[in-house]
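*Asks:* when you get a sec, could you give me coordinates for this:
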Amino acid sequence: MREQVDKYLQEGKYIYIFIISLLLINLFVNLIGIKPRWVEADRMRMEYLSLREDESRLRLEMNEKVKLAESIRQARLDLKEFISSLFPDSKIAKIRSELYRNARKSGISISSLKYSLPEYKDDELVKYNISFPISGSYRKIRKFVYKLEKMPYLMSINDLALSSSKEGNVSVTIRISIYLKAGEE
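*Replies:* Model (predicted):
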């Protein structure tokens, strides 16, 4: 029996040696084959974090640029509206004065004029669209429209929007187009 025990102990040593050998081989493979990949994995993780930071920074910059673009768009609209409220010092300014004078002679007043920037129809004509509200009695407004039609310019009355008030007065919004020769405006 003792022999059998010695035999099993001897065989057990081989198993222990075999298991230890497998553990050493496993450790060697990990150090040689997997450890360099850990370095690469760490490098990739750092690159990923750097790209995430770049993405966040670019999103913030993009949002700022979108806000800036919106501000520029609004400023352009405001500038266009401001420019459209100004009449140039030229023939169109004389037409404006005539409109105010005819309104006074008709017994009404023009509170404000709105007009568009000139539209160039071709090389020959420039078109100005002008609109303005007036109010007064029907007779006075009819007199003003008559004077408006007699102005010595190529002009069309595009729209007359009438509304009446309780006091017997009529409110009218008039839209006209005036055509001038290019270079006269």
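
*Asks:* find the helix or strand that the residue nearest the centre of the chain is a member of.
*Replies:* Taking C-alpha atoms, centre = their mean, the centroid of the chain lies closest to Glu70, which sits 4.4 Å from it. Under the criterion of DSSP states H and E, Glu70 resides in helix 35-84.

*Asks:* what is the helix or strand just after that helix packed up against?
*Replies:* Next along the chain after helix 35-84, taking DSSP H and E as the criterion, comes helix 91-105. Other helices and strands packing on helix 91-105, by 3 or more C-beta pairs under 8 Å, 6 or more residues apart in numbering; DSSP states H and E, are strand 109-110, strand 125-136, helix 138-149, strand 170-181. Where C-beta positions appear, they are placed from N, C-alpha and C, glycine not excepted.

*Asks:* try it again at 7 Å.
*Replies:* strand 109-110, helix 138-149 (3 or more C-beta pairs under 7 Å, 6 or more residues apart in numbering; DSSP states H and E).

*Asks:* can you tell me how far Ser165 sits from Ile141?
*Replies:* 12 Å (C-beta to C-beta, to the nearest Å).

*Asks:* who has more neighbours out of those two?
*Replies:* Ile141 (23 against 9; other C-beta atoms under 10 Å).

*Asks:* who's in contact with that one?
*Replies:* 108, 134, 170, 172 (C-beta atoms under 7 Å, 6 or more residues apart in numbering).

*Asks:* how much space between the second one and Asn169?
*Replies:* Ile134 is 10 Å from Asn169, where distance means C-beta to C-beta.

*Asks:* who's more crowded, the two?
*Replies:* Between Ile134 and Asn169, counted using other C-beta under 10 Å, the more crowded position is Ile134 (20 against 15).

*Asks:* tell me who's in contact with that one.
*Replies:* For Ile134, the contact set (C-beta under 7 Å, 6+ apart) comprises 103, 108, 110, 141, 144, 172, 174.

*Asks:* beta partners for Ser131?
*Replies:* Lys114, Arg175 (DSSP bridges).

*Asks:* what distance do you get for it to Lys181?
*Replies:* Taking C-beta to C-beta, one finds Ser131 at 23 Å from Lys181.

*Asks:* compare neighbour counts for these two and give me the winner.
*Replies:* Ranked by neighbour count (other C-beta under 10 Å), Ser131 and Lys181 place Ser131 first, with 16 against 11.

*Asks:* for that one, what are its contacts?
*Replies:* 114, 173-175.

*Asks:* could you check the pLDDT of it?
*Replies:* pLDDT for Ser131: 91.

*Asks:* same check on Ser135?
*Replies:* For Ser135, pLDDT reads 86.

*Asks:* please apply the same query to Ile83.
*Replies:* pLDDT, read off for Ile83, is 64.
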